[in-house]
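Asks: A structural model of the following input is requested.
(one chain, ligands or ions: 1)
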Amino acid sequence: MIKTLSVAPMMDWTDRHCRYFHRLLAPSVLLYTEMVTANALIHGDAERHLRYDESEYPVALQLGGSDPAALAKAVQIAAPYSYDEINLNCGCPSDRVQSGAFGACLMSSPETVRDCVKAMRDVSNVPVTVKCRIGIDDADEQSMLRDFIDIVGQSGCKTFIIHARKAWLQGLSPKENRDIPPLNYDLVHNIATENPNLSIHLNGGITTLEQMRTLLPNFDGLMIGRAAYHTPRLLIDIERAFFNPDWVIDDETLINTMAAYANQQQERHGTPIKTVTKHMINLFQGIQGARKWRQTISETAHKALSAEDVLIPAYQSISP
Ligand SMILES: Cc1cc2nc3c(=O)[nH]c(=O)nc-3n(C[C@H](O)[C@H](O)[C@H](O)COP(=O)(O)O)c2cc1C
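Replies: Sure thing, here's the model as predicted:
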């Protein structure tokens, strides 16, 4: 079976500009959008939420919601954009999401999730997947996750991406909820072993190639979140390690391609240059020049008229 390496959905981070950048670094990883609520697509500017560049393929759209009819409608609205996968968010713990009664709190309503996924699958030709936690609050994570997978599985959902820690809905911020509840990879591995007919992807705390090499045999896929954003060159390493050993992309090609893209987005949509270049700020993370690169981008991006005003001085500042 082909394994999937993906970059996680991350609100305010994995917008289409970030995905364009990540795609240049790694042609074969699966990319996820930020979460978009079903209601935002139904009542808001769907085109603004859904448009993306063809080069981003393969790309999955993540939806948030808990009303089967609204989610089905959102899937239909998204259909013309030809996303490769639709994912339902059952893992986000923020208050805003809880007050809409979706995200991680859906872990305790698997029947609702089953009905949502069924309604989404009924109107979709592409796979509908679920991203969840291993549990919430003081529930027993072993039984909560098993029940969740069994019941949601009745919808025909075949792929679960599991962030291997609980979400504590009271008392922790969303950021703390990504670090404090302990990781339990073994539980997710057990779920994968018990359900050979399902595709189980592991997420949470994966930051190095070494870890990926160790974990990948136990799962159908791995999803990488913060490490991909904070150290984007990891994506080049992933492409080389798991898909294409000869893969190279040099800094000049990368920077020139991003500059052309940022200028084009500015011309076509009025997108400020900094909206694109902010995602490149960590490009040299971990190698010489990282600080100078970041500093020059921060100082120039807000007043830049073209991408060259930002990226050329930033690159010159670190080039010998
Ligand atoms: C800034 C930020 C925004 C996030 N937004 C979402 C989101 O919209 N939907 C979602 O399912 N998870 C979201 N997450 C969680 C990530 O998808 C992922 O599950 C989490 O960061 C754990 O993976 P990691 O340890 O590899 O970062 C977000 C994470 C971060 C850091």
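Asks: tell me the contacts of Arg114?
Replies: With contact taken as C-beta atoms under 8 Å, 6 or more residues apart in numbering, Arg114 is in contact with 151-152, 154-155. Yep, even glycine has a C-beta here, placed from its N, CA and C like the rest.
Asks: can you check Asp12 too?
Replies: Counted by C-beta under 8 Å, 6+ apart, Asp12 has contacts Glu34.
Asks: okay, now the domains of the chain?
Replies: Domain assignment for the chain by automatic domain parsing gives 4-242, 251-318.
Asks: and the strands in the stretch 201-320 of the chain?
Replies: 221-224 (DSSP state E, counting those that start in this stretch).
Asks: give me the low-pLDDT residue ranges for it?
Replies: Within the stretch 201-320 of the chain, the ranges that satisfy pLDDT under 70 run 320.
Asks: now the helices for it?
Replies: 209-215, 226-230, 233-242, 251-269, 273-277, 290-301, 308-318 (DSSP state H, counting those that start in this stretch).
Asks: what about Gly148, neighbour count?
Replies: If you look again at residue 148, you'll see it is Phe, not Gly. Phe148 has 27 neighbours, counted by other C-beta atoms under 10 Å.
Asks: what helix or strand is it located in?
Replies: Phe148 belongs to helix 141-153 when assigned by DSSP states H and E.
Asks: helices and strands around the next helix or strand after that helix, which ones?
Replies: Counting by DSSP H and E, the next helix or strand C-terminal to helix 141-153 is strand 159-163. With contacts defined as 3 or more C-beta pairs under 8 Å, 6 or more residues apart in numbering; DSSP states H and E, strand 159-163 has these neighbours: strand 128-133, helix 141-153, helix 185-194, strand 199-203.
Asks: recalculate using a threshold of 6 Å.
Replies: Identification of packing neighbours for strand 159-163 by 3 or more C-beta pairs under 6 Å, 6 or more residues apart in numbering; DSSP states H and E yields strand 128-133, strand 199-203.
Asks: right, so these: which one is the most enclosed?
Replies: Among the helices and strands packed on strand 159-163, judged by mean count of other C-beta atoms under 10 Å, the one packed with the most neighbours on average is strand 128-133 (a mean of 25).
Asks: so what touches that strand?
Replies: Outside strand 128-133, the residues within contact range by C-beta atoms under 6 Å, 6 or more residues apart in numbering are 85-91, 104, 107, 117, 120-121, 152, 157, 159-163, 166-167.
Asks: who's in contact with Val117?
Replies: Val117 sits next to 128, 155, 157 when contact means C-beta under 6 Å, 6+ apart.
Asks: can you put the residues you listed in CSV and add distance to Ile312?
Replies: Output for those, formatted as CSV (distance: C-beta to C-beta, whole Å):
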residue, distance to Ile312
Val128, 44
Ser155, 51
Cys157, 47
